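Colleague: Any chance you could fold what I've pasted below:
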Amino acid sequence: SMNMSLGEILNLRSEWEELVTKFKLPNGNGTIDNLMWFIENGAKSNRFRSDYKKAVEIAKRILDNA
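Modeller: Okay, here's the model as predicted:
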């Protein structure tokens, strides 16, 4: 849902960073730029990883509230 609290966004960011620790990324920090990169480019190297879809959903939720 829209208009999440800052605490909710930060919790999602932590969850995303935990999910992508083993993914191939420029880096795993949950910054706006990294989340955007992941949505646009993350499928190339990560789409078959078990938590890929969940990580994309979380990234989109965070960006929707940024």
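
Colleague: Can you list the low-confidence ranges for the protein?
Modeller: Along the chain, segments meeting pLDDT under 70 span 1-2.

Colleague: where's the residue nearest the centre of it, which helix or strand?
Modeller: Geometric centre of the chain, nearest residue: A59, 3.3 Å, by C-alpha atoms, centre = their mean. For A59, the element it lies in under DSSP states H and E is helix 52-64.

Colleague: Could you name the helices and strands sitting against that helix?
Modeller: On a contact count with 3 or more C-beta pairs under 8 Å, 6 or more residues apart in numbering; DSSP states H and E, helix 52-64 meets helix 6-19, helix 32-41, helix 43-46. To be clear about C-beta, it is placed using only N, CA and C from the backbone, and glycine gets the same treatment.

Colleague: Please identify which of the ones you listed is closest to L25.
Modeller: helix 32-41 (6.5 Å; C-beta to C-beta).

Colleague: Give me the residues contacting that closest one.
Modeller: 16, 20, 25-28, 55-56, 59-60, 62-63, 66 (C-beta atoms under 8 Å, 6 or more residues apart in numbering).

Colleague: quick one: D51 and A59, what's the gap?
Modeller: 12 Å (C-beta to C-beta, to the nearest Å).

Colleague: how deep is A43 tucked in, by neighbour count?
Modeller: Counted with other C-beta atoms under 10 Å, residues neighbouring A43 total 12.
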